[in-house]
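Participant: sequence first, then the predicted structure:
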Amino acid sequence: MTSWTSVFSAALLTLAPLRGSPAASKPAPDTSALQFHGFEAGARLDSIEARLHRLDGSHLRCDRAKADHRVTECRAVLTDADLGGAVNLWVSAIDSVAGVITLSSDLTGDRLDQWRRRIESRYGRVGATVRGSEWMMQWVRRGRMLRLTWRTDRGARTASVSLVDGRVLDAWGRSRGRAGPGGPS
């Protein structure tokens, strides 16, 4: 009969050569989830609330939509030095799952560049699209989208990151279509 100690020791010896290899010490990040500062489209409202709590943000203030009781619109404010100060958070959730999350703030040019570099370092570089005074960069992975948008108006720069889970929105759209024009009853 083999002792647990010898089995454990054999496992450690088998894995020991992997510890020094770059692949073992630094796994490739999963870039399909599309997240920003720990916020991820498709997350449940309770996990978003927990993230806000860890960041010392305000609590989510949520209201149910009158037309469809499954839809919840939530707001919060968080203050985080990494994001450049006060950031507004908006969440549109269906059955308590975030379909759209938007983080928005007035930023300096340097802080906007930090937001952009953080996103590009994780998801790669993309070109910017310009419409009037608004600039936009967009990343799409497995039915999810991350969009960085910014504009300058009267010397003030406002930026936002929107995280969209298309699968959540598509499922909601299909169920609304089956329920008829008034939504579910």
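Facilitator: Cool, the structure landed.
Participant: mind listing what's buried along stretch 41-52?
Facilitator: Within stretch 41-52, the residues that count as buried by 16 or more other CB atoms under 10 Å are 41-43, 45, 48-49, 51-52. Placement of C-beta: from N, CA and C, glycine included.
Participant: in helices, which of the residues you listed appear?
Facilitator: Using DSSP state H, the subset of the buried residues of stretch 41-52 located in helices is 45, 48-49, 51-52.
Participant: hang on, the earlier thing: which two from the buried residues of stretch 41-52 end up farthest apart in space?
Facilitator: G42 and L52 (16.9 Å; CB to CB).
Participant: with adjacent residues omitted, what lies nearest to the residue most central in space within the chain?
Facilitator: Geometric centre of the chain, nearest residue: E40, 2.6 Å, by CA atoms, centre = their mean. The spatial neighbour of E40 that comes closest, neighbours along the chain excluded (CB to CB, 6 or more residues apart in numbering), is A33 at 5.4 Å.
Participant: surely the one you found touches G143?
Facilitator: No - contact criterion CB atoms under 8 Å: A33 and G143 do not qualify, at 11.2 Å.
Participant: many thanks, I have nothing further to ask.
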